[in-house]
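*Asks:* Pasting the sequence and the predicted model now:
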Amino acid sequence: MEILQSAAALQAQTEKWRRDGQRIGLVPTMGALHDGHLRLVQAAAAENDVVVVSIFVNPTQFNNPDDFRLYPRLPEADAALLEPVGCTALFLPSVEEMYPQPSKLRFDFGSLEQVMEGAHRPGHFNGVATVVSKLFHLSRPHRAYFGQKDLQQVAIIRQLVADLSFDLELIIFPTVREADGLAMSSRNRRLSADARQIAPQLYKALQLGAKLLEEKRPVASVKNDVLQFLAMEETIVLEYFEVADAHTLQPIERISKSQDVALCIAAWLTEVRLIDNLLISDKGL
Ligand code: AMP
């Protein structure tokens, strides 16, 4: 596995692969890798000739300076995990390499970013769209891999790819969970032992909501029950729980037939913010 640190090196390598007819898979990450990331890399390795994994804790997508400062950074351990799962090249740029100058371009995704993560983390999706666009331009992948864990990010990137005509296929991978249901996340490493024990309640809340909706209970009453369930755990400070259309992300009051529905949650467990979601649809994304 090669480690590339400059944008020019990534461009040169991927251009050469393209000329040689190699299919390129890209897996963008912020590192502190877990099994969720590694499953994405394995999927990319199975479907492409070469796989680029990027690890970059992107400052422009953090609205909270503490979250950026405390985000786990483990490049050596990450590199050791990547080689055996089929990563061909690890792109590990510095902030200066990705942002030689502060970017002035601003993305506006309209209603897609006026809810949930976009509403609670101002500027977050602008930073995501900026860095993902840079990665797409630098590596020109045939396929790019993202996790359903970040459902709103998936919708934003789909829009980005469509609006800017990126010539690539997006592959969305289902959420990988711990045995107790907690969605794997790099931020789980920052949970205290107590908070870690309570964290699976977020998934339990989503499952409760899904069960009630499948029983055809009205959305408002389902939300109410889920909020009451979460209120029993004082370590969990809920930021939002939404029942939304899985594609437009807009909140739903009444579910219509054949609508893909997503239950989405964000909550603080002491000083760590976690998100999760559950789709009520057999089709996936
Ligand atoms: P991150 O490093 O958190 O930015 O995540 C990098 C990619 O891995 C994103 O596309 C995430 O959606 C995806 N991802 C993160 N956690 C999981 C998980 N538990 N299961 C599947 N994909 C995930």
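*Replies:* Happy to help now that I have it.

*Asks:* List the neighbouring strands of the strand or helix carrying residue 51 plus their orientation.
*Replies:* Per DSSP states H and E, residue 51 falls inside strand 50-55. Applying DSSP bridges to the sheet, strand 50-55 is found paired with strand 24-29 (parallel), strand 89-91 (parallel).

*Asks:* For the stretch 51-200 of the chain, which residue gets nearest to the ligand?
*Replies:* residue 147 (2.3 Å; CB to the nearest ligand atom). No exception for glycine: its C-beta is placed from N, CA and C like everyone else's.

*Asks:* Now for that residue, how many residues are close by?
*Replies:* Using other CB atoms under 10 Å, residue 147 has 22 other residues around it.

*Asks:* Would you check that it makes contact with residue 41?
*Replies:* No. Using CB atoms under 8 Å, residue 147 makes no contact with residue 41, being 11.5 Å away.

*Asks:* Next, report how far stretch 238-257 is displaced from the centre of its chain.
*Replies:* Here stretch 238-257 is found 18 Å from its chain centre; the criterion is CA atoms, centre = their mean, to the nearest Å.

*Asks:* What segments of the stretch 51-200 of the chain are strands?
*Replies:* 89-91, 143-147, 169-173 (DSSP state E, counting those that start in this stretch).

*Asks:* Is the last one in proximity to the ligand?
*Replies:* Which is strand 169-173. Yes. Using CB under 6 Å from any ligand atom, strand 169-173 reaches the ligand at residue 173.

*Asks:* Show me which positions of that strand end up buried.
*Replies:* Using 16 or more other CB atoms under 10 Å as the test for burial, strand 169-173 gives 170-173.

*Asks:* Quick check: mean pLDDT of it?
*Replies:* Across strand 169-173, pLDDT averages out at 98.

*Asks:* Name all residues that make contact with residue 254.
*Replies:* 218-219 (CB atoms under 8 Å, 6 or more residues apart in numbering).

*Asks:* Could you pull out the buried residues of stretch 81-97?
*Replies:* So, applying 16+ other CB under 10 Å, buried residues of stretch 81-97: 81-82, 85-93, 97.

*Asks:* Please flag which of those sit within helices.
*Replies:* If you go by DSSP state H, those have 81-82, 97 in helices.

*Asks:* now the strand holding residue 51 against strand 143-147, angle please.
*Replies:* 40 degrees (axes from the mean of the first three to the mean of the last three CA atoms, to 10 degrees).

*Asks:* so how far is strand 50-55 from its chain's centroid?
*Replies:* 16 Å.

*Asks:* what does stretch 113-125 give?
*Replies:* 14 Å.

*Asks:* Now look at that stretch and say if it contacts the ligand.
*Replies:* No. Using CB under 6 Å from any ligand atom, stretch 113-125 never reaches the ligand; the gap is at least 11.5 Å.

*Asks:* Could you give the number of residues near residue 64?
*Replies:* For residue 64, using other CB under 10 Å, the count is 11.

*Asks:* One more: the one 5 residues further on?
*Replies:* By other CB under 10 Å, 9 other residues sit near residue 69.

*Asks:* what about it, distance to residue 57?
*Replies:* Remark: distance between residue 69 and residue 57 (CB to CB, to the nearest Å) = 10 Å.

*Asks:* And residue 171, by the same measure?
*Replies:* From residue 171 across to residue 57, the span is 23 Å (CB to CB).

*Asks:* and the end-to-end length of stretch 57-76?
*Replies:* In stretch 57-76, first residue to last residue: 15 Å (CA to CA, to the nearest Å).
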